[in-house]
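In: Build the 3D model from these lines:
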Amino acid sequence: MQLLCPVSWPDYQLVDCGNGEKLERFGPYFVIRPEPKALWASSVPNRQWIDRAHVHFIQGTGFGRAGKEDSGTWEKLKKMPDHWVIQYKKLFRLRLSLTSFKHVGVFPEQAPNWDFVYHGVQKIRGREPQFVPRVLNLFAYTGAASLAARAAGAEVVHLDAVRQVISWSRENMELSGMSGIRWILEDAFKFVKREVRRGNTYQGLILDPPAYGHGPEGERWKLDDSLYTLLRECSHILAKENAFMVLNLYSNGYSALLADSLAKECFPGNGNYTFGELYLKDDKGKKLPLSVFSRLEL
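Out: Here you go, the predicted structure:
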């Protein structure tokens, strides 16, 4: 089992975590956000966090849907913009924003998966220099994985069920000096089933499904009920050679072994399967586990 965290990323830092929160730096700005998995004590007193931070997310007082634990408001402690831009290596740029659900537009622990996608596309192109791999990113959010694939030279299809985050992703593409990503606003299940009927295939599949969600027409998504069936459908559109798949699961209760078992069951064959956890490490060395993954290389 692999344990992976971001490396060589000057624009991101987990400074400290504990007491159900984390202090992070995105570019020049320090952010305090809730983190349920930070069960231990912080390394430095909260007062020092407040002195350093530009903004602090306060849970349960904001604009989110009633009963959603992530909803709240941002308390600005120092002057900072509502929107700013960070760089990931020399690959792409991301616009960040303070949303009412504690998120800022990027999940930093996913950086090892972006690297996997980038290098996966490069490997395929290295074997067949004239061939342009096709990559499908499902539940694609603001598009970091899509940008990684595009930066490596892939033809990218980016799908999400929320119009606003597709617009956000397009802005990230333009900020990164890229073009040519195909944007799909649709329910993931519907799109994959249609691609199966059409006989379309992809050399790369990226899946980062939420625990719950709805498609643009109200289609219901529940991870526990739908993940296995979706993966079985996806197995029909992944090319049989010179291909890769990455599945990320951040819902509590899902283990890396479970992700590995799902991948081997739904994508059987002689590929190279790997699995593990993604984590962030703070300045004192505390490791904060945030998601599990399974990968396949053919």
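
In: what mean pLDDT would you report for the helix or strand harbouring residue 111?
Out: If you go by DSSP states H and E, residue 111 is part of helix 111-127. Helix 111-127 carries an average pLDDT of 97.

In: Between helix 111-127 and the very next helix or strand once past it, find me the angle.
Out: Using DSSP H and E, the helix or strand that follows helix 111-127 in sequence is strand 134-138. Put simply, strand 134-138 runs at 160 degrees to helix 111-127, going by axes from the mean of the first three to the mean of the last three Cα atoms, to 10 degrees.

In: which strands and helices sit next to the helix holding residue 111?
Out: Contact analysis of helix 111-127 by 3 or more Cβ pairs under 8 Å, 6 or more residues apart in numbering; DSSP states H and E lists helix 144-151, strand 204-207, strand 244-249, strand 287-297 as its packing neighbours. Bear in mind the C-beta positions are built from the backbone N, C-alpha and C, glycine included.

In: buried residues in the least confident helix or strand in the chain by mean pLDDT?
Out: Sorting the helices and strands of the chain by mean pLDDT, DSSP states H and E puts strand 212-214 at the bottom, at a mean of 76. For strand 212-214, the buried set under the neighbour-count rule, 16 or more other Cβ atoms under 10 Å, comprises residue 213.

In: Next: stretch 25-42.
Out: 25, 26, 27, 29, 30, 31, 32, 33, 34, 35, 38, 42.

In: Give me the nearest residue to the first one, chain neighbours excluded.
Out: When you say that, I think you mean residue 25. Spatial nearest neighbour of residue 25, chain neighbours left out: residue 13 (4.2 Å); criterion: Cβ to Cβ, 6 or more residues apart in numbering.

In: domains of this protein?
Out: 7-97, 108-297 (automatic domain parsing).

In: mean pLDDT lowest for which of these?
Out: Minimum mean pLDDT among the domains of the chain: domain 7-97, a mean of 90.

In: Number of residues surrounding the residue nearest to residue 25?
Out: Residues near residue 13, counting by other Cβ atoms under 10 Å, number 19.

In: What segments of the stretch 51-200 of the chain are strands?
Out: Taking DSSP state E, counting those that start in this stretch to define them, one finds strands in the stretch 51-200 of the chain at 55-59, 72-76, 83-88, 92-97, 134-138, 155-160, 182-185.

In: TSV for those strands, including mean neighbour count?
Out: Formatted as TSV, those follow (neighbours: other Cβ atoms under 10 Å):
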stretch	mean neighbour count
strand 55-59	18
strand 72-76	17
strand 83-88	18
strand 92-97	20
strand 134-138	27
strand 155-160	24
strand 182-185	16
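
In: what's across from residue 26 in the sheet?
Out: residue 12, residue 29 (DSSP bridges).

In: residues touching it, list them.
Out: By Cβ atoms under 8 Å, 6 or more residues apart in numbering, residue 26 lies in contact with 11, 12, 84, 86, 96, 104, 106.

In: can I assume the third one is in contact with residue 31?
Out: Looking back up the chat, that one is residue 84. No - between residue 84 and residue 31 there is no contact, the gap being 10.8 Å when judged by Cβ atoms under 8 Å.

In: The residue nearest to residue 25 is in contact with residue 283, isn't it?
Out: Yes - with contact defined as Cβ under 8 Å, residue 13 reaches residue 283; the gap is 7.4 Å.

In: returning to that earlier point: I'd like to know which of the strands of the stretch 51-200 of the chain lies nearest to residue 274.
Out: Nearest of the strands of the stretch 51-200 of the chain to residue 274, taken as Cβ to Cβ: strand 134-138 at 18.4 Å.
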